[in-house]
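**Student:** Turn this into a structure:
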Amino acid sequence: MVLLRISLAAVVVLAAALAFVSLCLIKSNNNAKLLKKQLDSAIEANSRRTGFFSSMVHELKMPLSIILGAAQFIEMKRKSEHQDENGTEKHIAAIKCNCYRMMRLTGNLLDLARSEAGYLVLKPVNCDLCRLLEEIVRSVRPYAMKKQIGLVFRSAHDSIVAAVDIEKMERMMLNLLSNAIKFTDPGGSVIVSAYSADGRVSISVKDTGVGIPADRQNDIFGLYSQAGIHSAEKEGSGIGLYLVKAFAELHHGNVRLISEEGKGSEFIVDLPSGTVTSSPEVSDAGEFGIKAGDAVSIEFSGGHSVLS
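**Tutor:** Next up, the predicted model:
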């Protein structure tokens, strides 16, 4: 009887030990799967980061090379007896254009660093968004016309007043318009619209461009993403849409995407429609036209990067 009890106890202990070992193995296996998943995620993130910085190097080197080449050409022309005014003007334009490209890239990188560090600051003033958007569209229209793309602004409202940071609104709109024009073929159209309802303001930039594949739409606002299905053939660092999202969220808003590959895309920025008491007067959108000449040139400089 005693031996039977000892045997039963031994069996129970052995079963418990086997169960414990099995649990350990299962836990170890789960941990291994989790570690593998984390490792794969880290490798993918590192790969995207490497691609991002490789793109940055390329974006910086190209305008510098063009600026250097154009400067060398002008230097040679000055030493030459034969003066070619058209050639000189073309190279001066290339220098100016690529300086704008450098300013755009360095500005985006600075805003990126501020966003990552949580140092982006909102400076809201009461602004008539209809007037501001109309002025932005008017300033960008020559770039659309060069590509034979129609660009219009539409709104059912004569005026929509909301508290926004005008500089960041300009940056958001110029980036969205730049992308829309870049990825829309000649003969297409880009429509900017604004409407207000239920305490929110919605600003839409809709194009008839190439559209964005469904499998890329979920991460299109990611730091290392690039809009369009032919991104390798287009210039761009991939920072722009990330900053659009960051600026929208800084306004306590958000940005949405509706897109179908081959038919076009629509980016919608939703913002609160409230105003601020510290800014009793509505900011004049006409101020935009005075200071935004360089801002528009900077954002749209990518399409004129080579001498031709």
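**Student:** going forward, measure contacts and count neighbours with C-alpha atoms only.
**Tutor:** OK.
**Student:** where does V276 fall, phi/psi-wise?
**Tutor:** With angles defined as degrees, to the nearest 10, V276 sits at phi -110, psi 140.
**Student:** pretty sure it is touching A163, no?
**Tutor:** Yes. Using Cα atoms under 8 Å, V276 is in contact with A163, at 6.0 Å.
**Student:** Overlap in contacts, those two.
**Tutor:** 124-126 (Cα atoms under 8 Å, 6 or more residues apart in numbering).
**Student:** Turn the residues you listed into a markdown table, columns for distance to R200 and neighbour count.
**Tutor:** Shown next, in a markdown table, are the shared contacts of V276 and A163 (distance: Cα to Cα, whole Å; neighbours: other Cα atoms under 10 Å):
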| residue | distance to R200 | neighbour count |
| --- | --- | --- |
| P124 | 16 | 18 |
| V125 | 16 | 21 |
| N126 | 15 | 24 |
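**Student:** which ones are touching the closest residue to E266 other than its chain neighbours?
**Tutor:** In this structure, E266 finds its nearest non-sequential neighbour in K206, 4.1 Å apart by Cα to Cα, 6 or more residues apart in numbering. Residues in contact with K206, defined by Cα under 8 Å, 6+ apart, are 180, 190-192, 264-267.
**Student:** in which helix or strand would I find K206?
**Tutor:** strand 200-207 (DSSP states H and E).
**Student:** buried ones in that strand?
**Tutor:** Neighbour-count burial for strand 200-207, counted by 16 or more other Cα atoms under 10 Å, picks out 201-207.
**Student:** Show only the entries of the contacts of K206 found in helices.
**Tutor:** Judged by DSSP state H, helices contain the following of these: A180.
**Student:** Just the buried residues out of the contacts of K206, in PyMOL syntax.
**Tutor:** In PyMOL, this line selects whichever of the contacts of K206 come out buried by 16+ other Cα under 10 Å:
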select buried, resi 180+190+191+192+264+265+266+267
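**Student:** For the contacts of K206, could you give me JSON lines that also reports distance to K90 and pLDDT?
**Tutor:** Listed next are these as JSON lines, based on distance: Cα to Cα, whole Å; pLDDT from 0 to 100:
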{"residue": "A180", "distance to K90": "27", "pLDDT": "95"}
{"residue": "V190", "distance to K90": "29", "pLDDT": "97"}
{"residue": "I191", "distance to K90": "32", "pLDDT": "97"}
{"residue": "V192", "distance to K90": "33", "pLDDT": "98"}
{"residue": "G264", "distance to K90": "34", "pLDDT": "95"}
{"residue": "S265", "distance to K90": "35", "pLDDT": "96"}
{"residue": "E266", "distance to K90": "36", "pLDDT": "97"}
{"residue": "F267", "distance to K90": "35", "pLDDT": "97"}
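**Student:** Tell me who's in contact with the closest residue to H91 other than its chain neighbours.
**Tutor:** Distances taken as Cα to Cα, 6+ apart put A70 closest to H91, at 5.1 Å, once the chain neighbours are dropped. Listed by Cα under 8 Å, 6+ apart, the contact partners of A70 are 91-92, 94-95.
**Student:** Adding neighbour count, distance to L223 and pLDDT, write those residues out as a markdown table.
**Tutor:** As requested, those are exported to a markdown table (neighbours: other Cα atoms under 10 Å; distance: Cα to Cα, whole Å; pLDDT from 0 to 100):
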| residue | neighbour count | distance to L223 | pLDDT |
| --- | --- | --- | --- |
| H91 | 23 | 34 | 71 |
| I92 | 16 | 34 | 74 |
| A94 | 24 | 29 | 76 |
| I95 | 22 | 29 | 75 |
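**Student:** ok so, going back, ok, the contacts of K206 vs F221, which is closest?
**Tutor:** F221 lies nearest to F267 out of the contacts of K206, by Cα to Cα, at 11.0 Å.
**Student:** model confidence over stretch 164-175, on average?
**Tutor:** Stretch 164-175 comes out with an average pLDDT of 92.
**Student:** no no, stretch 137-157
**Tutor:** The average pLDDT for stretch 137-157 rounds to 93.
**Student:** buried set for it?
**Tutor:** 137, 139-141, 143-144, 148-151, 153.
**Student:** What segments of this protein are helices?
**Tutor:** 2-79, 85-117, 129-146, 166-182, 240-250, 286-291, 293-299.
**Student:** Understood, closing this out.
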